[in-house]
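>>> Give the three-dimensional model of this entry:
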Amino acid sequence: MLKLQRPRLLHHVLVVLLVVSIGPLSFYGWELIQLNKEKLETNEKLTQLIIAKSLSREIAQYLDGCREQILAFASAVELAGLDNPEKIARLQKKLEEFVTPSKNFLYINIVDNRGKGVRAGGYKADEPSIQHSFQIAFQEASKRDSYMYISAPKVIELDNQSEPVIIMSTPVRSEAGWSGATTVVLGLDDLIRWVADYSKGGKTVYVVDFNGRIVAHPNRVTMPAGMDFSRIEIVREFMEAWNLSKGKVRLPGTRPFKLQENGRDVEMLGTYYPIPDASWGVIVQIAERDAFAMVTEMKKETIKWGILMLLLSLLVGSISARTIATPIQQLAESTRSIARGDFSKKISLRTKTEIGELAETFNKMTDDLEAYIRQIKHALEDNRQLLLKNKALFLGTIRALAAAIDEKDPYTRGHSERVTEYSLILARRLGMSEQELETLQIAALLHDVGKIGIDDKVLKKPGYLTPEEFEVMKQHPVKGANIMRSIDQMKEMLPGLKHHHEQWDGNGYPDHLQGTEIPLVARIISVADTFDAMTTDRPYQRAIDLDLTLQKIQQNAGIKFDTEVVGVLISALASGEITLTRTLAPAQAI
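Reported below is the predicted structural model:
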């Protein structure tokens, strides 16, 4: 009878490596590619949405500012008596004073309800199309419910250059009712500069009206104001959304679409965001090959390194299997005894082969293991002491970093330490474990680490911040979390860094969390941070009296702050566990 040959160990190892390595590696590589692809695509869409939203808000604020200036001027004007030359001269002077300092108001006129009035500005406004627009603006202003009229974008000739403009008008009213209209020609240079600033990294950003005509484009020469862009799919979708909502579209849209370039279709990704009051929309678009270039590169690199690692595994496995060609089973019983902890049993093999050398090694190993066990006991104690020292060094480093952050602004010197002290007192009263207290301590020390990324002009401004500056300052929680996210040991501290400016009613930032959605660590730091800020001198206010501070914090319990955390703050102050140490302003401290 023919005896089957025993399979070689090399073959067993190679088969196992193929089964164990190729399957999981291929599956993991594919899943990693898909996961990263989805994340990159989501990030690109989110980036486009953020750009469109930011520009939409900038433009809306800009137009609101212009409206307010025009309305303020119109409300201060009396149109009665325009037949009087002296009154006309005074009105002419007011118009010149209004329009001359502004680089955006190119022209202004004010007329009474008979159409008689005065004008001023560097632009003559004698083009027929502009005069026609003035007539429409005058008619719109005469309507009973009229508030503000904005024309379609136009191009005018000014100083031998083509300038994009819009026409805005507002009614002038008196006690007797409508008495006339104020009309301005507003230049769009600021809008063009903004869309040019946002058009980076392959993105093109522009503004259209609800008819699909260009309002502002970074390439003002080839894409002038008024140019029809309704043929572009993303613009057409904005127009359809506008028409369906009857001018009340409030939600943005992001979608892929095709754009004709040089006679061929280019796959694009586009986003629109409405500017409702102006009947405009911000469009952001980018070629998908540019937007997702990282995805393609990632696929290539993942596949390449996956194949290389697979080949390396097979090579190493093959070499290793060839070095273990003799029966290993003879050593099994002796090795089992050693595995059970019986170091007295030695391996005795009368052979000079590799197995004999292995036996000698095992015998030496048993002696070494006994010595190692003793060393391990000593090492464990040494490691425990080293761990304590490293922990102290780590906390010292964190404290030094927090102090360095506070030193950027002399008004906040010692702020992080005080917030940490208050936070730990509140947390202990809330029954937090020692592990949670350690997490809270580091999060509180570093809660303002994101201010490293805030411009000193905003951070050290001696006074109240403007809305724009406050938006910049509001970025510091996210910046702080992003700075620390790369450190694995800081993962548990990130919620405290990122969400300590969230509010109980959801009106905080950056994620508008509310109630118990806000991590407890962040709720504690929020109360401690506010308490210290109110009781110490700051550039924008002097320190507030303790009683008034507590009154304001209690008033905001359940609105901005967790009621339970506010309660333990009050009890800690009442018991004397928290004592107030007044921090002087820098000038006083010197």
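
>>> Next up, the contacts around residue 238.
Contact analysis of residue 238 by Cβ atoms under 8 Å, 6 or more residues apart in numbering lists 208, 210, 212, 249, 253, 272, 274, 281, 283. All C-beta spots, glycine's among them, are computed from the backbone N, C-alpha and C.

>>> Quick check: which element contains it?
Under the criterion of DSSP states H and E, residue 238 resides in helix 233-244.

>>> how far out from the middle of the chain is that helix?
28 Å (Cα atoms, centre = their mean, to the nearest Å).

>>> Now do the strands in this protein.
105-112, 117-120, 149-150, 154-158, 161-174, 177-187, 204-209, 214-216, 253-261, 264-275, 280-287 (DSSP state E).

>>> per-residue confidence for residue 353?
Here the pLDDT value assigned to residue 353 is 62.

>>> what residue ranges in the stretch 251-400 of the chain score low on pLDDT?
251, 313-314, 316-359, 362, 365-400 (pLDDT under 70).

>>> Go again with 50.
Where the stretch 251-400 of the chain drops to pLDDT under 50, the residues are 325-327.

>>> re the thing from before, now for the strands of the chain, which one comes closest to residue 506?
Counting by Cβ to Cβ, residue 506 lies closest to strand 264-275 out of the strands of the chain; the figure is 22.6 Å.

>>> what's the angle from the closest one to helix 233-244?
40 degrees (axes from the mean of the first three to the mean of the last three Cα atoms, to 10 degrees).

>>> quick one: buried residues of strand 264-275?
By neighbour count with 16 or more other Cβ atoms under 10 Å, strand 264-275 contains the buried residues 268-275.

>>> now, which of the residues you listed sits nearest residue 38?
Among the buried residues of strand 264-275, and counting by Cβ to Cβ, the member closest to residue 38 is residue 269, at 14.2 Å.

>>> Now rank the contacts of residue 238 by neighbours and give me the top one.
Counting neighbours by other Cβ atoms under 10 Å, residue 281 comes out on top of the contacts of residue 238 with 29 neighbours.

>>> Am I right that it is in contact with residue 274?
Yes: the criterion here is Cβ atoms under 8 Å, and residue 281 meets it with residue 274 at 5.1 Å.

>>> Any chance you could list residues touching both of those two?
Contacts common to residue 281 and residue 274, judged by Cβ under 8 Å, 6+ apart, are 56, 238, 242.

>>> can you tell me which of these lies nearest to residue 87?
So of these, ranked by how close each gets to residue 87 (Cβ to Cβ), first place is residue 56, at 42.1 Å.

>>> Please give me every residue in contact with the nearest residue to residue 420 once chain neighbours are set aside.
When the adjacent residues along the chain are set aside, residue 420 lies closest to residue 444, with 4.0 Å between them (Cβ to Cβ, 6 or more residues apart in numbering). Going by Cβ under 8 Å, 6+ apart, residue 444 touches 416, 419-420, 423-424, 496, 524-525, 528.

>>> 10 Å instead?
398, 402, 416-424, 427, 493, 496-497, 500, 521, 524-525, 528-529 (Cβ atoms under 10 Å, 6 or more residues apart in numbering).

>>> Please apply the same query to residue 193.
Applying Cβ under 10 Å, 6+ apart, the residues contacting residue 193 are 216, 218.

>>> now do residue 526
Residues in contact with residue 526 (Cβ under 10 Å, 6+ apart) are 419, 423, 447, 496, 499-504, 508, 518, 560-562, 565.

>>> at 7 Å instead, please
Residue 526 makes contact with 500-501, 561, according to Cβ atoms under 7 Å, 6 or more residues apart in numbering.

>>> Just give me the closest of these to residue 230.
For the contacts of residue 526, the nearest to residue 230 is residue 501 (42.8 Å; Cβ to Cβ).

>>> From residue 89, how far out is residue 288?
Distance, residue 288 to residue 89, by Cβ to Cβ, to the nearest Å: 62 Å.

>>> Quick check on these two: which one has the bigger neighbour count.
Using other Cβ under 10 Å as the criterion, residue 288 and residue 89 rank with residue 288 on top: 17 against 10.

>>> Report the spatially nearest residue to that one, omitting neighbours in sequence.
Nearest to residue 288 is residue 267, by Cβ to Cβ, 6+ apart, at 4.3 Å.

>>> still on that earlier bit, can you list the strands of the chain in CSV and add distance to residue 550?
Formatted as CSV, the strands of the chain follow (distance: least, Cβ to Cβ, whole Å):
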stretch, distance to residue 550
strand 105-112, 50
strand 117-120, 57
strand 149-150, 50
strand 154-158, 59
strand 161-174, 48
strand 177-187, 50
strand 204-209, 48
strand 214-216, 51
strand 253-261, 47
strand 264-275, 43
strand 280-287, 45
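
>>> what's the closest of those to residue 224?
strand 154-158 (5.3 Å).

>>> Identify the residue spatially nearest to residue 513, adjacent ones excluded.
residue 502 (4.6 Å).

>>> what's the domain layout of this structure?
Following automatic domain parsing, one gets these domains for the chain: 77-187, 408-589.

>>> Now the weakest link among these, please, by mean pLDDT.
Across the domains of the chain, domain 77-187 gives the lowest mean pLDDT, at a mean of 81.

>>> Can you add distance to residue 549 and give the buried residues of strand 264-275 back as TSV?
Output for the buried residues of strand 264-275, formatted as TSV (distance: Cβ to Cβ, whole Å):
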residue	distance to residue 549
268	54
269	50
270	50
271	45
272	46
273	41
274	42
275	41
